[in-house]
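Undergrad: got a predicted structure here, sequence first:
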Amino acid sequence: MTWTEETLGAEGFENPKRAAKELTALASVLGAPAAWRIHEAAKQTSEPSEIIAAFDRIREGLQGLPEPTLTRLLDWLPAVFHASTIVPRLLATRPGLLRGLAGSRTLTREKSKEQYRCEALATTRRTAPTDTEGLQRRLRRYKYREFLRLMVRDVVLRAPMAELGREHAALAEALIAAALAWAERSLGAKYGTPDPPGFCILGMGKLGGEDLNFSSDVDLIYLYRGDGHTTGGTGGSLPNVQYFTRLGEVVTQALTKVTAEGFCYRVDLNLRPQGRAGAMVLSLAASLSYYESFGRMWERAALLKARVVGGDARLAEELLSELGPFIWRRSLDLSAVDGLRDMKAQIDLRGKASAEDVKLGPGGIREVEFFVNALQLLQGGKDATLREPRTMRALRKLERAGFVSGPDADALEEAYVFLRRVENRLQMLEERQTQALPTGERERRRLATSLGCPDWDTFRVQLERHRNYVQGAFHTLLGQTARGEVPDEPLLALALDPDLPPDERQAALNQRGFENPERALAELERLARVPHSPFVDGGSGLAAVHLLSELAQTPDPDQALLHFSDFLARLHQPEGYLRLLTNMPRASRRLFNLFGQSDYLSRIFLRHPELLDALVQAQLDEAMKTPERIRQELGARLARHPDAETKHAAMPRFKNEEVLRIGLNDISGDLTVPEAARQLTAVADGILDECLFLAMEEQRERYGVPLDAHGQREGLVVIGMGKLGGYELGYHSDLDLIFVYSGVGQAETSGGARGTLTHREYFAKVVQRLMTLLQVQLREGHLYKIDARLRPSGNQGALVVSQDAFREHHQKRAQLWERQALIKARPAAGDATRFQALREEVLAPLVYERPLPPDTAAEIDRLRTRMERELAQENAQQLNPKLGQGGLVDVEFTVQYLQLVHGREHPRVRSTNTLEALEGLQAEGGLPPEDAETLRQGYLFLRRVENRLRLIHDSSLAHMPTSGRALAQLARRLGVLGPHPGETFLAQYRACAARVRDVYARVMRAPR
């Protein structure tokens, strides 16, 4: 008999040439009739070429088998190969399995749990206590031998799903028991036996319910009786907790490690008390204490299926007996109803996100299981017959008790069996833990035909019929659905689902706006380790969806999630804060917006998580405080401290709280740019004044006080310059200061504990101490950085100067830029009355009354051009809102030049504040209204950009990005939305800068 490429191509073989070659080879080894049977069987599947290739792969294993054995295998294997691509690979490496499968006496009947256990123990009994590799090899060989048998029972013999579920569970239980027995022998030789003895493994989930899949995780909990020590061995003695932890680790590794032989099971320990945050093994007393104090509804539902699968059965029974009242409430518990509704809402939400998933999607397996478990939990306290871990048996018991009608029970069981068979078929294809329906036409056809349907459409009709029925029952349960209870966040539901693979969760996070989904998932895993967190694996997840939804809606979800994770990690008892955030959405929204807006403010908050109380109680909501009130509150805070050192240490805390208050109201839009600047300036003024007081008190005790010839105390004025002088302080601004004292420098102080000093030396010490107090790094951070370079002669001059020396310098030696800088001078701290005299006698005459040099505009423009060229550092990748072309300095220099020009005749323009000066210039005719408005709008826009840049980062950032994620995030923080926020904002920025530069050029570069 011959096969040709033409005839096989006509029959639908994808690769007829290869198939002809393989059939010919099979005929030469097995005989033409056997090859013809393989050919005919392959044609009945959707993948004939693949089936022929699979047989060709194992032909040596088939060679020489007796005729009856070969016949049986040829009857079974085509369907198995069609359902699973791993079987040909398995049989190619272990051809001996073929003869064992054909000779099996248990294919047509269910094997008992005891038979599985005996076989597994016999397989590993002779493994030496030190032979870890030998143990793993034997466990895996036994597992795959039984998997092959169960595939034939499922695919070919259509064994009932209940039997298959029990057998899979029995196989897993046997492998766990064998691994545990070996581990106890191995550790016993090294450490002896524990006293008191007692260790058991609880099976949870589908393992506990004896309904395991082909590629299920096994959910386990490790429990030991009590603390003590082992009796000792070659490795000495161990505390029981360490011994049992090692025992758990050995068992877990024996089952999970992937070797050349494959693996046994993925072990999931996240249903243990406190999930991933909890210890691997827990004592009986600790477990009972946990459930009594912290047990939640989802843990009651999980324990419903708990049963011993290895170790000390009496210990397991003792635990479950003690937990009976926790699991089964005798009276209807309204909080339990709420807890079930919460779980139901989460299932409903995740179902929307997993429409093509037969487990998690609408009308899927999880909804059937929840329907049954919810009724059990609600009614099982009064009716002990309902306490059944197996889903379908529990459904029938609910039917007999009258809680489910006969037709409903029949329809739900039919749907459950159908869905479970589909799930098994999806998983046995590649031994992957998946429940997702295929999307490709070829894969869909393969799934449908392997399940006995002629095509995908027929299969889909059956599937939708079952899912619709389940979905209806699920939504009817508890009288409501999740719609309206939770945000419509299906992607976040996927991201939070611990049952999904990490890559799928990361993809969901990425789609929902997280730029670094791998890092975001790591932060969610970190949150899952926080005790009692709603993010703990296995939890209801509804609260977690709420919280993550709020985080995702911030301008920078990645940063917000990172800071939230840091926030919880710093708390000793996070559960109270979590309850507060969950129950007060306004507070959580405010906090998360802070985390997503400002790295700078977030780090202040993270240093003081107790500020959450102030956030919740709206103490940080007050946008505006008068400067007098800020000083009063600072004074009251410091009055609580007994000495100068503790008073000083309290100042950074006060500053941080006030900056946080101001920043929160800034990013929420409750403070305008000028208002935020004035609030920041008022805080700086208050702290300056208090630090100056401390510095002067310290020097008074040491050297007395400086007195004039009439016995009156001489004064020191701290002059605020730059942004401080203009009430325009930003979040990272330095304080530009000049220090001027009154009187004769060579006169001496009245004397103190360390004698006397000249006034010049005295005030120098005061200022040096003041600068130390302001700049020294404390636990809470430093107060302010000081820039004193605007003093006479700059860095070459004395730090503090007398009023006479100040006047002389500016009359004889000062340059134009110094005169320009003095426009901003105002009293920030110290003797304000003496500053008034200084203003009238020195500042006003020096700045405004002297004639201007004829080249004033050109000189100021020359300085401005130099700043732009040497300092702005603008290029294609970055812009500088302050120093760059059309930046803030363009506005400020234009206004300051015009103040110098018009200040003599019009005192109204002499304000130290840029916007007030602009208003005065417009009112006095020094600037056309349209130009004044351009500069005003430009100033507000650019200051807002500068503030946001400095709020974003925990440092003073001068440059603005021009592309990429950083630009888009800045744009969103500034309220620019739409599909391309970065490009939109950049266009706004460039237009604003161009308008500002146009006004600057017309004023500063016009012919004179």
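TA: Good, I have the coordinates.
Undergrad: what mean pLDDT does the helix or strand hosting T24 have?
TA: If you go by DSSP states H and E, T24 is part of helix 16-30. For helix 16-30, the mean pLDDT works out to 93.
Undergrad: buried residues in it, which are they?
TA: 16, 18-20, 22-23, 26-27, 30 (16 or more other C-beta atoms under 10 Å). The way it works is simple: take the backbone N, C-alpha and C, and place the C-beta from them, glycine included.
Undergrad: any chance of the residues you listed in TSV, with distance to A814 too?
TA: Shown next, in TSV, are these (distance: C-beta to C-beta, whole Å):
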residue	distance to A814
P16	97
R18	94
A19	97
A20	101
E22	98
L23	103
L26	103
A27	108
L30	107
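Undergrad: one step back: which residues touch the helix holding T24?
TA: 1-9, 13, 34-36, 38-39, 48-49, 52-53, 55-56, 59-60, 62-63, 70 (C-beta atoms under 8 Å, 6 or more residues apart in numbering).
Undergrad: show me which of those residues are buried.
TA: Neighbour counting with 16+ other C-beta under 10 Å marks 3, 8, 13, 34-35, 38-39, 48-49, 52-53, 55-56, 59, 62, 70 as buried within the contacts of helix 16-30.
Undergrad: mind checking which of these land in strands?
TA: The strands in this structure, assigned by DSSP state E, contain none of the buried ones among the contacts of helix 16-30.
Undergrad: of all the residues you listed, which comes closest to L774?
TA: Set against L774, the nearest of the buried ones among the contacts of helix 16-30 by C-beta to C-beta is A53 (79.8 Å).
Undergrad: not counting its neighbours along the chain, what's nearest the closest one?
TA: E22 (6.2 Å; C-beta to C-beta, 6 or more residues apart in numbering).
Undergrad: what separates the one you found from V740, distance-wise?
TA: As judged by C-beta to C-beta, to the nearest Å, E22 and V740 stand 100 Å apart.
Undergrad: now swap in I667 and tell me
TA: For I667, the distance to V740 - C-beta to C-beta - is 38 Å.
Undergrad: what do you get for E892?
TA: 24 Å.
Undergrad: same check, this time on S750
TA: Counting by C-beta to C-beta - S750 and V740 are separated by 21 Å.
Undergrad: next: L8.
TA: If you go by C-beta to C-beta, the gap between L8 and V740 works out to 102 Å.
Undergrad: please apply the same query to L634.
TA: L634 sits 25 Å away from V740, going by C-beta to C-beta.
Undergrad: next one: Q878
TA: Q878 is 39 Å from V740, by C-beta to C-beta.
Undergrad: how about the helices in the stretch 501-650 of the chain?
TA: 502-511, 517-528, 542-552, 557-569, 574-583, 585-597, 599-607, 611-616, 627-639, 644-667 (DSSP state H, counting those that start in this stretch).
Undergrad: figure out which of those is closest to E489.
TA: Closest to E489 of the helices of the stretch 501-650 of the chain is helix 542-552 (C-beta to C-beta; 4.9 Å).
Undergrad: give me the helices and strands touching the closest one, please.
TA: Helix 542-552 is packed against helix 334-353, helix 490-495, helix 557-569, helix 574-583, helix 585-597, with contacts defined by 3 or more C-beta pairs under 8 Å, 6 or more residues apart in numbering; DSSP states H and E.
Undergrad: mean pLDDT and distance to A374 for those helices - can I get that in a markdown table?
TA: Formatted as a markdown table, these follow (pLDDT from 0 to 100; distance: least, C-beta to C-beta, whole Å):
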| stretch | mean pLDDT | distance to A374 |
| --- | --- | --- |
| helix 334-353 | 69 | 5 |
| helix 490-495 | 82 | 19 |
| helix 557-569 | 89 | 30 |
| helix 574-583 | 75 | 22 |
| helix 585-597 | 81 | 27 |
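Undergrad: what's the closest of those to R94?
TA: Of the helices and strands packed on helix 542-552, nearest to R94 by C-beta to C-beta is helix 490-495, at 37.8 Å.
Undergrad: that closest one - contacts with which helices or strands?
TA: When contacts are defined as 3+ C-beta pairs under 8 Å, 6+ apart, helix 490-495 packs onto helix 334-353, helix 502-511, helix 517-528, helix 542-552.
Undergrad: hang on, the earlier thing: looking at the helices of the stretch 501-650 of the chain, which is buried most?
TA: Highest mean neighbour count among those (mean count of other C-beta atoms under 10 Å): helix 542-552, with a mean of 24.
Undergrad: now what about that helix, what contacts it?
TA: Helix 542-552 has contacts (C-beta under 8 Å, 6+ apart) with 342-343, 345-346, 349, 485-487, 489, 492-493, 495-496, 512-514, 524, 533-535, 557, 560-561, 564, 578, 581-582, 585, 588-589, 592, 595-596.
Undergrad: can you rerun that using 7 Å?
TA: 342, 345-346, 349, 486-487, 489, 492-493, 496, 512-513, 534-535, 557, 560-561, 564, 581-582, 588-589, 592, 596 (C-beta atoms under 7 Å, 6 or more residues apart in numbering).
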